[in-house]
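**Q** here is a sequence together with a model predicted from it:
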2 protein chains.
Amino acid sequence: MPRYTAPVNDTLFVLKDVLGYERYTNLEGFADADLEMVEAILNEGARLAENVLQPLNQIGDSQGCVRSADGSVKTPEGFAEAFRAYSEAGWTGLSVPAEYGGQGLPYLLHSAVGEYMSSANMALVMYPGLTQGAIAAILTHGDETQKNKWLPKMVDGTWTGTMNLTEPHCGTDLGLLRTRAAPAGDGSYRISGQKIFISAGEHDMSENIVHLVLARIEGAPEGTKGISLFIVPKFLVGDDGAIGEANGVTCGSIEHKMGIHGNSTCVMNYDDATGYLIGGENKGLRAMFTMMNEARLGVGLQGLSVAEAAYQAAADYARERLQGRSLTGAKEKDKKADPIIVHPDIRRTLMTIRATNEAGRALLLWTALQSDIAHRSQDEKQRQVASDLLGLMTPVVKGVLTDKGFDHAVMAQQVFGGHGYIEEHGMSQFVRDARIAMIYEGANGIQALDLIGRKLPMDGGRAIQALFAEIGAFCEENRADEGMVATTKALKKGLNDLQGASLWLMQNAMQNPDNGGAASTDYMHLMGLVVLGYMWARMIKTARDNLAAGTDSKEFLENKLVTGRFYMERIMPETALRFARIQTGADTIMALSAEAF
Amino acid sequence: MPRYTAPVNDTLFVLKDVLGYERYTNLEGFADADLEMVEAILNEGARLAENVLQPLNQIGDSQGCVRSADGSVKTPEGFAEAFRAYSEAGWTGLSVPAEYGGQGLPYLLHSAVGEYMSSANMALVMYPGLTQGAIAAILTHGDETQKNKWLPKMVDGTWTGTMNLTEPHCGTDLGLLRTRAAPAGDGSYRISGQKIFISAGEHDMSENIVHLVLARIEGAPEGTKGISLFIVPKFLVGDDGAIGEANGVTCGSIEHKMGIHGNSTCVMNYDDATGYLIGGENKGLRAMFTMMNEARLGVGLQGLSVAEAAYQAAADYARERLQGRSLTGAKEKDKKADPIIVHPDIRRTLMTIRATNEAGRALLLWTALQSDIAHRSQDEKQRQVASDLLGLMTPVVKGVLTDKGFDHAVMAQQVFGGHGYIEEHGMSQFVRDARIAMIYEGANGIQALDLIGRKLPMDGGRAIQALFAEIGAFCEENRADEGMVATTKALKKGLNDLQGASLWLMQNAMQNPDNGGAASTDYMHLMGLVVLGYMWARMIKTARDNLAAGTDSKEFLENKLVTGRFYMERIMPETALRFARIQTGADTIMALSAEAF
């Protein structure tokens, strides 16, 4: 069984030294957690992840969830107890306002700890993860009565939540949605229809399940303009908060999936179920995006999390497995062979994963910080800038970190040779689990379209211009620093490719939208390469400053510089390939008839 | 369930028009199968693949193999009957000499049909596939008595074969091998030890299983110099060919694997089992490589096969799934949405897979042709040139086509969105099955080391120089053809990168072997990009010639040209990235201590 150690030191380096956590005491919640407390929170989260969640990861995969004939679902052994421990420690409500039972701390900390939790047991953490999405929607769009009724018990883990969007014939294209909502006359609605792929849709871990369901009110406009969002609980709840009778919602079956077996993915049948409108008639899509945007960051985090867990397992195996001799002569002569970590190709594999993980961690935390600023700053201009960056980074974090997370789980599995293919080593599970993150909450192709079609042109390109300006300013500021020349040169080259590609899109995608679609995935990855490179540039700068100032974490910082150099030399040059592909346009892609494929 | 249609027309295009099949009647066996017969053979193979093997593919995955307490193994429903049909049609012995019951036809045809078989059911076809490797070893290294005793019944499917190399502590590094062979006094040996990961090691599909086992004769030198190869049958066989008593070999357990569930991957225990030396004392490694080299081409073919099957399934889904509207306005206005094949990003996905598959098919057949020339030509010089190319291409075919095969199975799965993650659609199986091909018969990192460490420097770089000369000559010959300018320019650019990288290796890997190891995987993929590009250049040239000459397959040839252009524009530029990475050397890769990972 793989071991897992939460990278608390690396998180602290990013929070404290790179992002300058202490500069944000003006934001609500930040002053409540000084750096000492931050460290305590990270260590507490690490302990739960390592000792409670991780030991259940393979059990969850091998046992899976089992549905009984009565529609009830049994989760794997130990999952309910672990979820209880997670809830009781307050992790679900870490960044939820105190008035609804939360701790009101920065979302940034929630993300930092969230990485550890998903590394340890992705399938299990999805139960509170989905709940968090539902909480966010109710917090933002619910009225005060709804918030008071539903939130506290979701925050404390007595109840969980879900998101019900997809139907058999409608995934990305929510305009095709058929689930109906009929006014019941008492202010509530009767919901009928079928939803599929509902994560945590039914299980035995909480007293109630609060489903957030997209449906179409009778007579509503066609397409996405006629969609509303409803709270549909598994059990009705009295005004006193007491659990009442069962609602008309049942789990029809659970899916047989490639991975995340520990999470119950349900077909949910709604049959005149009582639902409560949230966010206004026909405003469901807006409310849904509140859930989705937060969930997308959470999915990007899963990509990083699984890659990190897989990396650690591969590094351990590479240190232990004796096979062959170093190309430069035997390193452990007293043994029959050297550990395979002496081999450059194994190290190339590990360095590739590591370089992306460390930058991915920084990117996630930087993006989470934008979320805190966007939601908590008193300064309107600061809020707007942060909100722009948050919007721009959301598809990049989701799309790029999950594509890379999967690729890197596969690379880590490869380090194990044949043993990686055998389930007991746990590497196959990482690959199978990581795979879903590229698909759900909007498949990565949709993220790419969201980026080029919505986020780029928004407000006249304000967000992308701000990103260009920020990275450009960083390069300019460090121009005189000889030790930063190689870094800023590589970053600048990547930025030029990104700017060139953005200009190409402006000139070519307007006249022919297919040029945009043909470029979209390459463009998303191009932006990912550049912002991860920017994170590396900032980390390199910080590591150099800290080393110059004298420090007791010399080795940590020197390894950081090596890993950063690896990224700049080996990974950053991919921007040129992405840019070259983008410029070829849509001609060859659109030429064949549908039948010719 | 995905459908599968064998790409017979594309195979014929490569065999007949690109490779000029009819020019090789001088080679033994080629004259026995004229083009008409080739087409009949391909169609016959296609029928078996589509109608008999493919319908069992998902059954094999979901049922898997089951071992009973007595060590016997039950294969999935229908597998034994399908294997019988395969054997009786003569596919196992297609290219085996007639004197041992085969048909003596070109290995080229065996490869062509082999693609269809593995596309249809990779796990099932591994049973005769392993048998073929064992046949090749006995053919090359066995004495006449051994050949007559073992081959005919392996060829006709009465018996099957296996390869027993790996032990728990020893995979790549066969020098660590511990299985012992003690002379029994009667010319035979007593074999004792444990082998793992033995594909088709035990099953219920044949009367006997002929294990080829690497072991160390008592007193043999340490390391790889002291390894011998033995024939160890499951049941002893009398001189009259009759099955006798059970030998001391049993299946201890079967592995719980990520994929290829239909194939029984066994732990095999040898306990004083009777074995017969083959190929001479301490010459086991050489004999083993006879099995391995052919097996490596067969594994490369699996990469292509699964990618092709996944591609076809994704194309079907993309034509059928209605979701969203074309970026350039609704295409099917009478429907609620357009099929997703209108979307450029879906088409980019399909074109990427298609462009690699078509070139991969050509590369495999071109390499198989080299194998036929190397083994069957009367001209020594011709044999040597072909043998050089075969040796050079073997790690490239294995490493590149399986890496790409897996990546492309993943891309095809992505076309299905959430449905791709559900086992019943079959896309997960493609991904899980394809994954093993990157690992077995030498993990792809080992292929890359074989390429740079053994194949490149061999005979003073004769093979790589011949490849450079051949591709260079092609570019030169077509210089004057305006319609070929874009193609030869892109190919030439890739060739320059490959030549530059080869020179860099010569200059840097000698002085520091770690520079070679750090470059190896990128170099292997760089060579893969260039030889696939060369295949495209030849296909483009042929398609243009055929179009100019007038033809009734105009659409086929025009689609070929579009797909070739896509490869040259979108995939070929990756050579620059690979070359850039190679030149960064080993510094950052070797810098960290083992503990720092």
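**A** Ah, there it is.
**Q** do you know how far the closest residue to chain B within the stretch 251-400 of chain A is from residue A:572?
**A** When Cβ to the nearest Cβ is the measure, the stretch 251-400 of chain A has its nearest residue to chain B at residue A:344, with 3.2 Å between them. All C-beta spots, glycine's among them, are computed from the backbone N, C-alpha and C. Here the criterion is Cβ to Cβ, to the nearest Å. By it, residue A:344 lies 20 Å from residue A:572.
**Q** residue A:456 too?
**A** To residue A:572, residue A:456 is 22 Å away according to Cβ to Cβ.
**Q** between the two, point out the one with more neighbours.
**A** More neighbours surround residue A:572 than the other of residue A:456 and residue A:572, with 24 against 19 (other Cβ atoms under 10 Å in any protein chain shown).
**Q** that one against residue A:491, yeah?
**A** Yes: with contact defined as Cβ atoms under 8 Å, residue A:572 reaches residue A:491; the gap is 7.4 Å.
**Q** what do these two both touch?
**A** In the contact map built from Cβ atoms under 8 Å, 6 or more residues apart in numbering or on different chains, the residues linked to both residue A:572 and residue A:491 are residue A:533.
**Q** what sits against the residue of the stretch 251-400 of chain A closest to chain B?
**A** With Cβ under 8 Å, 6+ apart, residue A:344 has these contacts: A:327, B:514, B:516, B:517, B:518, B:520, B:586, B:589, B:590.
**Q** for it, which non-adjacent residue is spatially closest?
**A** Distances taken as Cβ to Cβ, 6 or more residues apart in numbering or on different chains put residue B:517 closest to residue A:344, at 3.2 Å, once the chain neighbours are dropped.
**Q** what helix or strand does the one you found sit in?
**A** Using DSSP states H and E, residue B:517 falls within helix B:513-549.
**Q** after that helix, next one along is what?
**A** Along the chain past helix B:513-549, the next helix or strand (assigned with DSSP H and E) turns out to be helix B:554-566.
**Q** who's in contact with that next one?
**A** By Cβ under 8 Å, 6+ apart, the list of residues contacting helix B:554-566 reads A:588-589, A:591-592, A:596, B:9, B:13, B:351-352, B:354-355, B:358, B:486-487, B:536-537, B:539-540, B:543-544, B:546-547, B:551.
**Q** buried residues in that helix?
**A** Buried residues in helix B:554-566, defined by neighbour count with 16 or more other Cβ atoms under 10 Å in any protein chain shown: B:557, B:559, B:560, B:561, B:562, B:563, B:564, B:565, B:566.
**Q** out of these, give me the two with the largest separation.
**A** Distances among the buried residues of helix B:554-566 were taken as Cβ to Cβ; the most separated pair is B:557 and B:566, at 15.1 Å.
**Q** can you pull the pLDDT of residue A:511?
**A** At residue A:511, the predicted lDDT confidence score is 89.
**Q** same check on residue A:8?
**A** We have a pLDDT of 98 for residue A:8.
**Q** among the contacts of residue A:344, the buried ones, what's the ChimeraX command?
**A** The following ChimeraX command selects only the buried members of the contacts of residue A:344, with burial defined by 16+ other Cβ under 10 Å:
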select /A:327 /B:514,516,517,518,520,586,589,590
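**Q** let's have the contacts of residue A:344 in a markdown table, adding distance to residue B:199.
**A** Formatted as a markdown table, the entries for the contacts of residue A:344 read as follows, by distance: Cβ to Cβ, whole Å:
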| residue | distance to residue B:199 |
| --- | --- |
| A:327 | 30 |
| B:514 | 34 |
| B:516 | 31 |
| B:517 | 29 |
| B:518 | 32 |
| B:520 | 26 |
| B:586 | 35 |
| B:589 | 33 |
| B:590 | 35 |
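**Q** point out the least confident one among the contacts of residue A:344.
**A** The member of the contacts of residue A:344 with the lowest model confidence is residue A:327, at 92 (criterion: pLDDT).
**Q** right, and the helix or strand after the helix or strand bottoming out on mean pLDDT in chain A?
**A** Among the helices and strands of chain A, helix A:284-320 carries the lowest confidence by mean pLDDT, DSSP states H and E, at a mean of 93. Moving toward the C-terminus from helix A:284-320, the next helix or strand (DSSP H and E) is helix A:344-376.
**Q** any idea how far that following helix is from the chain center?
**A** Here helix A:344-376 is found 11 Å from its chain centre; the criterion is Cα atoms, centre = their mean, to the nearest Å.
**Q** repeat for stretch A:261-280
**A** 23 Å.
**Q** state the mean pLDDT of that stretch.
**A** 97.
**Q** for the closest residue to residue A:455 other than its chain neighbours, the count of nearby residues, please.
**A** Using Cβ to Cβ, 6+ apart and skipping residues adjacent in sequence, the residue nearest residue A:455 is residue A:392, 5.1 Å away. Using other Cβ under 10 Å, residue A:392 has 24 other residues around it.
**Q** which SS state does residue A:392 fall under?
**A** When classified by DSSP: H, G, I helix; E, B strand; the rest coil, residue A:392 comes out as helix.
**Q** for it, which residues are in contact?
**A** Contacts of residue A:392 (Cβ under 8 Å, 6+ apart): A:451, A:455, A:456, A:463, A:464, A:467.
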